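Student: Any chance you can model this:
(one chain, ligands or ions: 1)
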Amino acid sequence: MEKRVFKDNNATAGAFAEFLYKKAQSNDSLTIALSGGSTPKALFKILAEEYQAKIDWSKLHFFWGDERMVAPDHEESNFKMTNDLLLSPVGVPSDNIHRVLGENELDKEVERYGALIRDQVKSNNGLPAFDIVMLGMGGDGHTASIFPPDLGLMHAEGVCAAGTNPESGQKRVTLTGPVINNSKHICFLVTGAGKAEKIDEIFNRKGGYKTYPAAHVNPIQGQLTWFMDESANEKLK
Ligand code: 6PG
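Tutor: Residues are numbered from 1 along each chain as shown. This next block holds a predicted model:
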């Protein structure tokens, strides 16, 4: 496990952008499952502004680690956020964009997206193995759309599952824990003082860490890198 700490959200995003650039340089193709929420926005802006001409975007196949069950033009859609800030500005070929159909019926979409991933992402140990899975972490220790009440999804069968935001009741499609942990490189992108307490509990294996889905992210064979800013790392200094 590697921890990389940077001054602030923008510096953390810049470091991840450079990481992705180097991965793209050293691979003929990459499958990447993206996280949503607000943290990735700085990253996507930097990639669009500074890496548009540096990265061969046709090498990258974009998936989502989780998506809200809303239409693709809905303000809460992770696809919409990513498409607006990155995919459209840099011209990622549409064949390389594999979004969750948030407008579909939940259970059908869980099945469909899981089958699509099985078809498009090479398997290892009997499960799809993404080259990169990017994860955020919520202030409650959730990751992807696996929230503490659904901790069992960290050990569930299947490629995808239905998740629920316990505060809003919003339904989501999420990768399961075994698929996340089967990937070649898991990258957390976590910034802000609001995450510091959970980061401290997870890294020092104390408090309620066992109930946090993010604490159960441990790659079977791959690498795990935490990209963080100083605020999120505050209690580990
Ligand atoms: C989502 C995300 C989710 C996110 C965390 C952190 O769809 O909401 O994938 O897992 O990464 O909630 O969100 P912030 O980056 O907004 O803090």
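Student: Disregarding flanking residues, what is the spatial nearest neighbour of L60?
Tutor: L30 (5.1 Å; Cβ to Cβ, 6 or more residues apart in numbering). C-betas here are computed from N, CA, C, even on glycine.
Student: Spit out the contact partners of that neighbour.
Tutor: K23, A24, K59, L60, H61, D131, I132 (Cβ atoms under 8 Å, 6 or more residues apart in numbering).
Student: pLDDT averaged over the helix or strand encompassing L189 - what is it?
Tutor: If you go by DSSP states H and E, L189 is part of strand 185-190. Mean per-residue pLDDT for strand 185-190: 98.
Student: ok, then the element right after that strand?
Tutor: Assigned by DSSP H and E, the successor of strand 185-190 is helix 196-203.
Student: ok, the helix or strand just after that next one near the ligand or not?
Tutor: Next helix or strand after helix 196-203 toward the C-terminus (DSSP H and E): strand 223-229. No. Counting by Cβ under 6 Å from any ligand atom, the ligand is not contacted by strand 223-229; separation bottoms out at 12.0 Å.
Student: Could you report the pLDDT at the residue nearest to L60?
Tutor: Looking at L30, its pLDDT reads 98.
Student: ok, now how distant is whichever residue of the chain sits closest to the ligand from D200?
Tutor: Closest residue of the chain to the ligand, Cβ to the nearest ligand atom: G136 (2.1 Å). With distances taken as Cβ to Cβ, to the nearest Å, G136 is found 17 Å from D200.
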